[in-house]
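Asks: just the structure for this:
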Amino acid sequence: GWSKRGAEIFCKIYGRTFVRFGNVMHSEGSVHNAWAKQFKEGSPLTITDLEMERYTMTIPQACELLIKAVSIAEPGKGLVMDMGKPKKIIDMKNELYGEDYPIKIIGIRPGETLTESLMTSNEEKSAIRIDNFYMI
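Replies: Alright, predicted model coming up:
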């Protein structure tokens with residue numbers, strides 16, 4: 001998270017546009033890929049915490065965000081997609097693999113949060129809504 005934040009600050013200082021993604025489903029490093037491997041092996045699916053929730057987006061949504069950013073963002077501004085409400089990780093697992101498939105709770109890691117926010121409270125106050133995006 002800190003490296004992402006540092007990159008955003010760099011972009012703001014040097015007048016570059018940045019985009020803020022949610023968790024891109026089925027991308028490299030996605031929990032969906034880890035689960036698919038665990039499922040194929042017949043292993044329980046790892047869940048950090050039953051209360052953990054995340055914003056998710058599809059690969060086409062991530063592409064849409066990039067294209068929109070190029071077309072509308074102003075120098076030093078960022079674009080964030082409105083992804084609705086965050087979704088519990090356990091609910092994603094249940095939708096994909098059913099409620100009966102076994103899980104293994106692995107616990108939250110240092111620096112992780114149970115929930116995430118797309119914007120800070122200051123960003124929310126000054127964000128400009130454009131279609132289903134926010135310019136911050």
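
Asks: residue 112 - nearest residue in space that isn't next to it in sequence?
Replies: Closest residue to residue 112 apart from its sequence neighbours, by Cβ to Cβ, 6 or more residues apart in numbering: residue 48 at 7.0 Å. Using the backbone N, CA and C atoms, a C-beta is placed for each residue, glycine as well.

Asks: any idea how far the residue sitting nearest the centre point of the chain is from residue 45?
Replies: The centre of the chain sits closest to residue 22, judged by Cα atoms, centre = their mean, with a distance of 2.1 Å. Distance of residue 22 to residue 45, computed by Cβ to Cβ, to the nearest Å: 20 Å.

Asks: which of the residues in the lengthiest helix in the chain are buried?
Replies: Of all segments of type helix in the chain, defined using DSSP state H, the longest is helix 59-72. Taking 16 or more other Cβ atoms under 10 Å as the neighbour-count basis, helix 59-72 is seen to contain the buried residues 61-62, 64-65, 68-69.

Asks: circling back: let me know the distance separating the residue nearest to the centre of the chain from residue 16.
Replies: For residue 22 relative to residue 16 (Cβ to Cβ), the value is 21 Å.

Asks: ditto for residue 10
Replies: Note on residue 10: its distance to residue 16, by Cβ to Cβ, is 8 Å.

Asks: please say which of the two ends up with more neighbours.
Replies: Taking other Cβ atoms under 10 Å, residue 10 and residue 16 do not tie; residue 16 has more neighbours (15 against 11).
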